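Asker: Just a sequence and a predicted model for now, questions to come.
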Amino acid sequence: MRWLLRWLVDDADRHVIENDLAELYEVRRCLDGDRAAARWLRRQRLVYPFHLLRDRIRTARADRSRTMAYLWRDILYSARSVQRTISPCGAKRSMSPSTRS
């Protein structure tokens, strides 16, 4: 899965990730032993790219929903502006039966 990690992050970030994993591997090795630490490291290298991919998808969805929210707000403001511009100028409002004299 390192190819996926290479695809998702640039070299500098990948080196930081690898260094963090190496540090945590040493901690695991001291606490749990070599075999358990090696299993943990394999599992992390397998799963980590999917966590990054999930975060990218969440960010993309959040950006899209925020854009759509702004779009709908702009449409609403535009509709209000058009309504205010048209109403007083030429369109006569019909009077309701209760207000006629």
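Answerer: Good, I have the coordinates.
Asker: Need the single longest helix in the chain, by residues.
Answerer: helix 34-89 (DSSP state H).
Asker: Distance from that helix to the middle of the chain?
Answerer: Averaging C-alpha positions (C-alpha atoms, centre = their mean, to the nearest Å) puts helix 34-89 3 Å from its chain's average.
Asker: what's the helix or strand for D13?
Answerer: Taking DSSP states H and E as the criterion, D13 maps to helix 11-32.
Asker: Next, the angle helix 34-89 makes with that helix.
Answerer: 130 degrees (axes from the mean of the first three to the mean of the last three C-alpha atoms, to 10 degrees).
Asker: list the helices and strands helix 11-32 packs on?
Answerer: helix 2-8, helix 34-89 (3 or more C-beta pairs under 8 Å, 6 or more residues apart in numbering; DSSP states H and E). For glycine as for every other residue, the C-beta is placed from the backbone atoms N, C-alpha and C.
Asker: what residues does it touch?
Answerer: If you take C-beta atoms under 8 Å, 6 or more residues apart in numbering as the criterion, helix 11-32 is touched by L5, R6, V9, A36, A37, W40, L41, Q44, R45, Y48.
Asker: shouldn't the first one be in contact with Y48?
Answerer: Yes. Look at L5 against Y48 with C-beta atoms under 8 Å: they come within range, at 6.7 Å.
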